[in-house]
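1. A structural model of the following input is requested.
(one chain, ligands or ions: 1)
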Amino acid sequence: MNKPLDGVQLEEIRDDFPILAQHLHGNKHLVYFDNAATSQKPRQVIDAMNDYYRRYNANVHRGIHALAERATREYELARQRIAKFINAPTPETVIFTRGTTEAINLVAYSWARTNLKPGDEILITWMEHHSNIVPWYQVAAATGAVIKRIDLNADGTLAVPEMNPRTKLVAVTQCSNVLGTINPIRQLADAAHKVGALILVDGAQGIPHLAVDVQALDVDFYAFSGHKMLGPTGSGALYGRRQLLEAMPPFMGGGEMIREVTADGFTCNDLPYKFEAGTPNIAESIGLGAAVDYLQNIGLEKIRQHEKQITGYALDRLQEFVEIKIYGPLDVEKRGGLVSFTFSDIHPHDLATFFDQEGIAVRAGHHCAMPLHKKLNIGATTRASFYLYNTRDEVDVFIAALHNAKKFFGACPTGRALGF
Ligand code: 7TS
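-> Take a look at the predicted model:
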């Protein structure tokens, strides 16, 4: 069960992703190494969404006609699949959102603004994405709460601290989108709960690659995006502990989230609808349900083993270049399937443009983690991020491109050749 994908399986998987078969810039075979930004979608997900629009497009929880009933059924089935996937105790504890950003903002508005007071501490880390920083800055400005950060060890892992009774919320990513570090969520949850704090996990880079069990992790909130786990953009969810969600006021007002509206007020609907105001992203949520099915059919353990192989191989090959500095832990047990690096003084944007001309998609920049880059004293990195359909051969293509880049930029040491 814990074996990586074999060659036949990998070929079958790649066949499910029509986008991967294409050539770019004339004859360059696409190598898609930008999975941390968004993953590609298998035909099963595309078909599920098409099917909804072609056969049973209707609003959910409203009509009593056949199409509306089918749309509602499929939408709720997707919720059930997701709940099972993360081992949420019940489907009502899974709230559909447009993604991680909206899920974190939901907690920031509905829980943090009503529960925090001046001097309370929100503990984050140096490796957070802006979507797990800015909402807390906004909460701090509105409530007087204070932001504190957990330190990084030299290898880019977290130094799990003793927490103090002022800590009310620990908001931490499961896996860094820059360092690749996989954080010890259960340990952090235990440390938070010991002082009576809650823990919110940003699962954007975790759930696509790691088997997630919100009960075993003992987390209070878990936020994630569908589009990084083979699902559509505009899909995602927030898991929350039932008692917390029940006590929280709604995030947005409108249709669906109410039980009754009178001339002077309203009462709230039950979970999860209290937090799903307005017509939701129906096709997207159904697509996410299909993505979950797809991942489950292959098995997260298998996907993780495959990614460990690809990432380990990429780390080994990257270390052939003395000019390259890799960020984050080198041990694949502590790292997810991505590698960020700098290549002497070549600007990451120049390098990414060079890669693009070779048909290789990577991301360059601060990856929406500016405080981390500042702490590391760098402006930007180049990031290659892998997923279940990537191959060792693609890593070889990537490394060959790096050799070519070295020759090309060697002639132009400022790294400005491509106009950045
Ligand atoms: N948290 C982490 C750790 C992320 O990597 C991202 C997106 C988000 C939150 C936000 O997710 P969204 O779906 O709500 O936008 N990260 C990236 C990235 O690394 N490159 O593009 C998007």
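
2. buried residues of stretch 125-137, list them for me.
-> Neighbour counts over stretch 125-137 (16 or more other C-beta atoms under 10 Å) mark 125, 126, 127, 128, 129, 131, 132, 133, 134, 135, 136 as buried. Using the backbone N, CA and C atoms, a C-beta is placed for each residue, glycine as well.

3. give me the subset of the residues you listed touching the ligand.
-> Filtering those for neighbours of the ligand using C-beta under 6 Å from any ligand atom leaves 129, 131, 132.

4. for the first one, which non-adjacent residue is closest in space?
-> Meaning residue 129. residue 368 (5.0 Å; C-beta to C-beta, 6 or more residues apart in numbering).

5. same check, this time on the second one
-> Setting aside the residues directly before and after it, residue 131 is nearest to residue 101 in space (C-beta to C-beta, 6+ apart), at 4.2 Å.

6. my read: that neighbour touches residue 108, true?
-> No. If you go by C-beta atoms under 8 Å, residue 101 and residue 108 don't touch, sitting 10.4 Å apart.

7. who has more neighbours, the two?
-> Using other C-beta atoms under 10 Å, the more surrounded residue of residue 101 and residue 108 is residue 108, with 24 against 21.

8. any idea how far the residue sitting furthest away from the middle of the chain lies from residue 256?
-> No residue in the chain sits farther from the centre than residue 263, which is 41.9 Å out by C-alpha atoms, centre = their mean. As judged by C-beta to C-beta, to the nearest Å, residue 263 and residue 256 stand 20 Å apart.

9. surely residue 384 forms part of a strand?
-> Yes. Assessed by DSSP: H, G, I helix; E, B strand; the rest coil, residue 384 belongs to a strand.

10. for the stretch 301-420 of the chain, which segments are assigned as strands?
-> Taking DSSP state E, counting those that start in this stretch, the strands of the stretch 301-420 of the chain run over residues 324-327, 338-343, 360-361, 363-365, 381-385.

11. would you turn the ones you listed into TSV with distance to the ligand?
-> Formatted as TSV, the strands of the stretch 301-420 of the chain follow (distance: least, C-beta to the nearest ligand atom, whole Å):
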stretch	distance to the ligand
strand 324-327	13
strand 338-343	8
strand 360-361	12
strand 363-365	6
strand 381-385	7
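
12. contacts only, for residue 324.
-> 318, 341, 342, 343, 344, 402 (C-beta atoms under 8 Å, 6 or more residues apart in numbering).

13. out of these, who's the most crowded?
-> For the contacts of residue 324, the largest neighbour count, defined by other C-beta under 10 Å, is 24 neighbours, found at residue 402.

14. tell me who's in contact with that residue.
-> Here residue 402 is in contact with 318, 321, 324, 343 (C-beta under 8 Å, 6+ apart).

15. for residue 235, see how far away the third one is.
-> Taking C-beta to C-beta as the measure, residue 324 falls 36 Å from residue 235.

16. likewise the last one?
-> Taking C-beta to C-beta as the criterion, residue 343 is separated from residue 235 by 35 Å.

17. how about stretch 68-76: buried residues?
-> Across stretch 68-76, burial judged by 16+ other C-beta under 10 Å covers 68, 70, 71, 72, 74, 75, 76.

18. mind putting these into JSON lines with distance to residue 114, secondary structure and pLDDT?
-> Formatted as JSON lines, these follow (distance: C-beta to C-beta, whole Å; DSSP: H, G, I helix; E, B strand; the rest coil; pLDDT from 0 to 100):
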{"residue": "68", "distance to residue 114": "34", "secondary structure": "helix", "pLDDT": "97"}
{"residue": "70", "distance to residue 114": "38", "secondary structure": "helix", "pLDDT": "97"}
{"residue": "71", "distance to residue 114": "33", "secondary structure": "helix", "pLDDT": "98"}
{"residue": "72", "distance to residue 114": "31", "secondary structure": "helix", "pLDDT": "97"}
{"residue": "74", "distance to residue 114": "34", "secondary structure": "helix", "pLDDT": "98"}
{"residue": "75", "distance to residue 114": "29", "secondary structure": "helix", "pLDDT": "98"}
{"residue": "76", "distance to residue 114": "28", "secondary structure": "helix", "pLDDT": "98"}
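
19. among those residues, which one lies nearest to the ligand?
-> Minimum distance to the ligand across these is 20.0 Å, recorded for residue 75 (C-beta to the nearest ligand atom).

20. list the buried residues in stretch 307-318.
-> 307, 308, 309, 310, 311, 313, 314, 315, 317, 318.

21. find the nearest non-adjacent residue to the fifth one, please.
-> Which is residue 311. residue 337 (5.0 Å).

22. next one: the second one
-> Leaving aside its chain neighbours, residue 308 sits nearest to residue 332 (4.6 Å; criterion: C-beta to C-beta, 6+ apart).

23. quick one: contacts for residue 42?
-> 13, 16, 17, 230, 291, 294.

24. pLDDT score for it?
-> Per-residue pLDDT puts residue 42 at 98.

25. good, we can wrap up now.
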